[in-house]
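**Student:** Pasting the sequence and the predicted coordinates here, then a few questions.
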Amino acid sequence: MLVPNGSKIKSENLDGGSTRLSWFRPNGGVFRYFIGVFLIVWLGMWVQGFQHASGSLLNPKTDASGKGFLSFWIIGWTIGGIFASYFAYLILRPQKPESITFNLNDLDYDSGTTTPVGYMFNMRYQMNPFQFWKDAFRKRFQIKGMKRGELEFILEKNPSRIYFDKELQRIEIGSTLTEPEIEWLHTQLEPWSKTN
């Protein structure tokens with residue numbers, strides 16, 4: 001498959017005649033490391049604050065009203081630490097590309113990974129912040145024994161997007177690609193699509 005010049009889509013031929021199209025989602029570039037380092041420093045201070053509050057809570061000299069406040073504070077502090085740890089993981093983990101692999105009778109889809117920082121730079125997620133939570137988790141599946149024409153790859157315009165339905169799931173492909181890339185990708189998917 002000849003990919004358009006300047007496209008971030010990569011095409012590779014695999015063993016057994018399979019073809020994989022893959023592309024990286026935006027991840028925030030170098031900026032994500034600054035945010036990741038900030039979160040690590042914050043988590044270091046979080047550990048110090050947690051140790052100090054826990055020590056005060058366990059100290060028999062602390063009065064009952066102080067213990068009530070510290071208990072409430074530790075619950076909030078713990079929740080904040082869990083969120084910060086999770087976001088640091090999302091930001092600093094190695095990124096995996098989104099990909100679709102065409103085998104002889106199987107279709108493999110991998111949504112890949114990105115970072116919350118990458119979503120900040122994507123206009124689609126700025127318009128709909130809840131979309132981040134739908135797309136934040138990696139989705140991988142294989143449709144075995146699929147024959148051409150069993151799925152319908154739908155191309156919508158304004159904004160451009162490609163999706164297909166798998167049982168009760170609606171799977172969108174290439175949500176962070178440019179409009180010309182989405183249209184080109186759809187031409188590659190059309191031979192696999194249902195004919196109306």
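**Tutor:** On my side now, so go ahead.
**Student:** remind me which residues of the protein are low pLDDT?
**Tutor:** Applying pLDDT under 70 to the chain flags residues 1, 118-136, 144-150, 192-196.
**Student:** all strands for it, in order.
**Tutor:** Ranges of strands in the chain, per DSSP state E, are 10-13, 19-23, 98-102, 107-110, 140-143, 154-156, 161-166, 169-173.
**Student:** helices or strands up against the fifth one?
**Tutor:** In this case it means strand 140-143. When contacts are defined as 3 or more C-beta pairs under 8 Å, 6 or more residues apart in numbering; DSSP states H and E, strand 140-143 sits against strand 107-110. Every C-beta, even on glycine, is put in place using the N, C-alpha and C of the backbone.
**Student:** on that earlier part again, out of the strands of the chain, which one sits most buried?
**Tutor:** strand 98-102 (a mean of 21; mean count of other C-beta atoms under 10 Å).
**Student:** Mind listing residues that contact that strand?
**Tutor:** 14, 18-25, 107-112, 173-174, 176, 189, 192 (C-beta atoms under 8 Å, 6 or more residues apart in numbering).
**Student:** if you set the cut-off to 6 Å instead, what comes out?
**Tutor:** 18-23, 25, 108-112 (C-beta atoms under 6 Å, 6 or more residues apart in numbering).
**Student:** residue with max distance from the center of this structure?
**Tutor:** For the chain, the residue at maximal distance from the C-alpha centroid (C-alpha atoms, centre = their mean) is K61, at 47.9 Å.
**Student:** can you map out the helices along the chain?
**Tutor:** 31-58, 64-92, 116-120, 123-127, 130-135, 179-189 (DSSP state H).
**Student:** Highest mean neighbour count out of the ones you listed?
**Tutor:** The most buried one of those (mean count of other C-beta under 10 Å) is helix 116-120, showing a mean of 20.
**Student:** State the distance from F102 to E167.
**Tutor:** From F102 over to E167 the distance is 20 Å, taken as C-beta to C-beta, to the nearest Å.
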